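Q: fold the following.
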Amino acid sequence: MAKRPRHAPKIKLRPGHTSPDLGRSAAEDDARLADYYIRKELYVDRALNVNDSASFFKGPKGVGKSAILQMVRLHMASDQAHVINLSPTELALSTFANLNVPSSFLKEADKHQWLYKSLWDYIILTEVGGREFPDESKLLGLVMSLIRGRDENRLRKLLRLRLDDNGNVETLSTRFVKLLKEVELSGVVGGEDVGKVEMKVKLDPAATAKSNQYDLLGTINDVSKRLADLLSQRYYLIIDDLDVDWHNEPVQNQVLAAMFTSLRKICRPPHLKCVVAIQDRILHELPVEHKDKFRDALCEVQWDAESVKLMIERRVTKIVEVTPSKVWGHLFPEGAFEWLFRKTTGKPREAIRLASLCLSEARRSGEATVNEAAMRASFQIFSAERLADIGAELSHLYPGIAKALRPFSGFPKEFPLTRVKDAMDVAIMQTLDDPALPYKWIASYERDYCGFARILLESGILQYKHSRTDPARTFDPAEHDLSAANCYVAFHPMYTAALGLIGA
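A: Residues are numbered from 1 along each chain as shown. So this is what the prediction gives:
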């Protein structure tokens, strides 16, 4: 096939821009975000306000949680010393998914939330304290002057837990494990088993500070309290990308739930504000005690169609030489926004990406505006990207799921639920012919095609229809019956082009 000739680009970019990319797909990498961010008062102002209880910004992936955190970073750009970014590398939560430590505290993780929370209080506050008092000897002296009757060597050892033997800063999860081991080593004190410590601490927390039997736990709690009192500057503790190392394993969830409880407790005005981005699906799985008490700290991130339209318009006018009134109905054809919004799940990241692809394709083709040909070509790319993305998101549970959907190629975009079995049977046969294929797990659904369909419905790849003529909608397991005789399903429009469906 002959190469398509290149044309001189007619879509003119503003100075400083080399492509019509409407911003980085990862908001944390977008240094220009403040130039085109909209409706800052909805979420960003709340995140910056230390007196506002909103700390955990929740929503599905791609809804704009990371953008809120990036706006906080950009706002604090001249005062970076007071911004503490805890990246997946610094948190290293995968430690708790692959942990092989023979510990009664970890074997029965659900019984030790009280202990986990105390350890997180200490770990987080020593991290912040290390910013306020970078001189370790000064920090030790201050703590010693405020905590009477404590062993100086023990205090020094505890404060140095944030560093490894070479003086390098340890990950927070490594510190947690090290501290847990220290507690376990002191587990039999004064003839009492460590299991009785829990009851004593609950019944009489003051006894932890006064009794030599529980000196280690008392010291940990004392240091946490004193460090919180010593803070004189304002700090923002930013946590993002928790899904990177999250494997939905019991111990990991217990430890993460305790960290959230700790953050809610210790991040309080006037000196400490935490700003955490958390996906709905992760928050749902965490065994957070007294979830009702978290409501004031939760802020759901969601945008309507008009807001997403304004996001794209603002970005386009900052990057392309066009006025706001000429974005829709001129640079983009009439109805273009409605079309691209339908082709996505309504999340800003998806809509912005598809608009970027449309502009790039039109400019590459030498067009002065985005036409239907550019939109079709862009959607083909976008659909393939999103199919790969959802496959990656589900890979820890269903390896190779995107490839397992290939037998649906040539299907209509909507069909009776029973036809899921036809494609599933083909995928199972493929794994028998080629054992190296990653989706061997699909064979476990050989007698349960509804179970396989449920995976696709719950992940949003498929949508539910009560009948052939019923509109497709997001699957709700509480309302939608997969055993209904007239049940239909439809592939979400976002995936139809990549799967080669009829009518895409």
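Q: what's the lengthiest strand in the chain packed up against?
A: Counting residues, the longest strand found in the chain (DSSP state E) is strand 272-279. The contact analysis (3 or more C-beta pairs under 8 Å, 6 or more residues apart in numbering; DSSP states H and E) places strand 272-279 against helix 40-48, strand 56-59, helix 65-75, strand 235-239, helix 250-266. Bear in mind the C-beta positions are built from the backbone N, C-alpha and C, glycine included.
Q: keeping just the C-alphas, turn that strand into CSV.
A: What follows is strand 272-279, C-alpha atoms only, in CSV (Å, rounded to 0.1, in the frame of the first residue of the first chain):
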residue,chain,number,x,y,z
LEU,A,272,-1.1,18.9,58.1
LYS,A,273,-3.4,18.2,55.2
CYS,A,274,-3.5,14.9,53.3
VAL,A,275,-4.7,14.8,49.7
VAL,A,276,-5.3,11.2,48.5
ALA,A,277,-6.6,10.0,45.2
ILE,A,278,-8.4,6.7,45.5
GLN,A,279,-10.4,4.6,43.0
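Q: which SSE is immediately downstream of it?
A: Remark: after strand 272-279, the chain's next helix or strand is helix 280-285, criterion DSSP states H and E.
Q: state the mean pLDDT of that next one.
A: Average pLDDT, helix 280-285: 90.
Q: so where's this protein uncertain?
A: Residues of the chain meeting the criterion pLDDT under 70: 1-9, 98-104, 148-150, 187-215.
Q: in it, which spans are strands?
A: Under DSSP E, the chain gives strands at 56-59, 83-86, 235-239, 272-279, 298-300, 414-416, 462-465, 488-491.
Q: those strands into a markdown table, with extra columns for distance to residue 112 and mean neighbour count?
A: Shown next, in a markdown table, are the strands of the chain (distance: least, C-beta to C-beta, whole Å; neighbours: other C-beta atoms under 10 Å):
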| stretch | distance to residue 112 | mean neighbour count |
| --- | --- | --- |
| strand 56-59 | 23 | 22 |
| strand 83-86 | 22 | 18 |
| strand 235-239 | 22 | 22 |
| strand 272-279 | 22 | 23 |
| strand 298-300 | 25 | 16 |
| strand 414-416 | 49 | 18 |
| strand 462-465 | 40 | 22 |
| strand 488-491 | 44 | 22 |
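Q: and those as TSV, adding distance to residue 40?
A: TSV is the format used below for those (distance: least, C-beta to C-beta, whole Å):
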stretch	distance to residue 40
strand 56-59	14
strand 83-86	18
strand 235-239	16
strand 272-279	14
strand 298-300	14
strand 414-416	40
strand 462-465	33
strand 488-491	36
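Q: re the thing from before, how about CSV for the helices and strands packed on strand 272-279, with distance to residue 379 added?
A: Shown next, in CSV, are those (distance: least, C-beta to C-beta, whole Å):
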stretch, distance to residue 379
helix 40-48, 29
strand 56-59, 25
helix 65-75, 24
strand 235-239, 35
helix 250-266, 37
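Q: which one of those lies closest to residue 170?
A: Taking C-beta to C-beta, helix 250-266 is the member of the helices and strands packed on strand 272-279 nearest to residue 170, at 15.7 Å.
Q: contacts for the closest one?
A: Contacts with helix 250-266, where a contact means C-beta atoms under 8 Å, 6 or more residues apart in numbering, come from 55-56, 93, 96-97, 99, 106, 109-110, 112-113, 116-117, 119-121, 124-125, 173, 176, 224, 228, 237, 242, 246, 272, 274, 276, 282, 285-289, 293-294, 297.
Q: can we see that at 7 Å?
A: 55, 93, 96-97, 99, 106, 109-110, 113, 116-117, 120-121, 124-125, 176, 228, 272, 274, 276, 285-289, 294, 297 (C-beta atoms under 7 Å, 6 or more residues apart in numbering).
Q: just the helices in the stretch 1-150 of the chain please.
A: Applying DSSP state H, counting those that start in this stretch to the stretch 1-150 of the chain gives helices spanning 33-36, 40-48, 65-75, 88-91, 104-107, 113-132, 136-146.
Q: follow-up on the earlier one: who wins for proximity to residue 331 among the helices and strands packed on strand 272-279?
A: Closest approach to residue 331 among those (C-beta to C-beta): helix 65-75, 23.6 Å.
Q: list the buried ones in that closest one?
A: 65, 66, 67, 68, 69, 70, 71, 72, 73, 74, 75 (16 or more other C-beta atoms under 10 Å).
Q: and the residue nearest to residue 377 when sequence neighbours are not counted, how many neighbours does it have?
A: Spatial nearest neighbour of residue 377, chain neighbours left out: residue 361 (5.1 Å); criterion: C-beta to C-beta, 6 or more residues apart in numbering. A count of nearby residues for residue 361, using other C-beta atoms under 10 Å, gives 22.
Q: repeat that for residue 180.
A: Using other C-beta under 10 Å, residue 180 has 19 other residues around it.
Q: now the nearest residue to it once chain neighbours are set aside: how far from residue 137?
A: Nearest in space to residue 180, with sequence neighbours left out and distances taken as C-beta to C-beta, 6+ apart, is residue 105 at 5.8 Å. Distance, residue 105 to residue 137, by C-beta to C-beta, to the nearest Å: 32 Å.
Q: quick one on the thing from earlier: ok, which of the strands of the chain comes nearest residue 343?
A: The stretch from the strands of the chain with the least distance to residue 343 (C-beta to C-beta) is strand 488-491; that distance is 12.0 Å.
Q: if you count contacts, what does that closest one end up packed against?
A: Identification of packing neighbours for strand 488-491 by 3 or more C-beta pairs under 7 Å, 6 or more residues apart in numbering; DSSP states H and E yields strand 414-416, strand 462-465.
Q: so what's the closest residue to residue 273 other than its chain neighbours up against?
A: In space, and not counting its chain neighbours, residue 273 is closest to residue 50: 4.4 Å by C-beta to C-beta, 6+ apart. Residues counted as contacts of residue 50 (C-beta under 7 Å, 6+ apart) are 234, 269, 270, 273.
Q: so for residue 105 and residue 137, which sits in the more crowded spot?
A: Between residue 105 and residue 137, counted using other C-beta under 10 Å, the more crowded position is residue 105 (20 against 10).
Q: give the burial count for residue 241, as a bare number.
A: Residues lying near residue 241 (other C-beta under 10 Å) number 19.
Q: ok, it - contacts?
A: Residues in contact with residue 241, defined by C-beta under 7 Å, 6+ apart, are 87, 88.
Q: at 8 Å instead, please
A: 66, 87, 88, 277.
Q: redo the residues you listed as JSON lines? Include distance to residue 257.
A: Below are the contacts of residue 241 laid out as JSON lines (distance: C-beta to C-beta, whole Å):
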{"residue": "66", "distance to residue 257": "22"}
{"residue": "87", "distance to residue 257": "20"}
{"residue": "88", "distance to residue 257": "18"}
{"residue": "277", "distance to residue 257": "17"}
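Q: nearest to residue 323, of these?
A: Set against residue 323, the nearest of the contacts of residue 241 by C-beta to C-beta is residue 66 (29.6 Å).
Q: quick check: angle from the longest helix seen in the chain to strand 272-279?
A: Secondary structure of the chain per DSSP state H: the longest helix is helix 372-393. Using axes from the mean of the first three to the mean of the last three C-alpha atoms, to 10 degrees, the inter-axis angle of helix 372-393 relative to strand 272-279 is 110 degrees.
Q: who's in contact with helix 372-393?
A: 61, 243, 333, 336, 339-340, 343, 350, 353-354, 357-358, 360-362, 365, 367, 400-403, 405, 459-461, 494-499.
Q: repeat that for stretch 82-91.
A: For stretch 82-91, the external contacting residues (C-beta under 8 Å, 6+ apart) are 72-73, 76, 127-128, 131, 171-173, 233-242, 244-245.
Q: repeat that for stretch 477-494.
A: With C-beta under 8 Å, 6+ apart as the test, stretch 477-494 has contacts from 342-345, 350, 382-383, 386, 408, 411, 413-417, 420, 450, 453-454, 456-458, 460-468, 470, 472, 499, 501.
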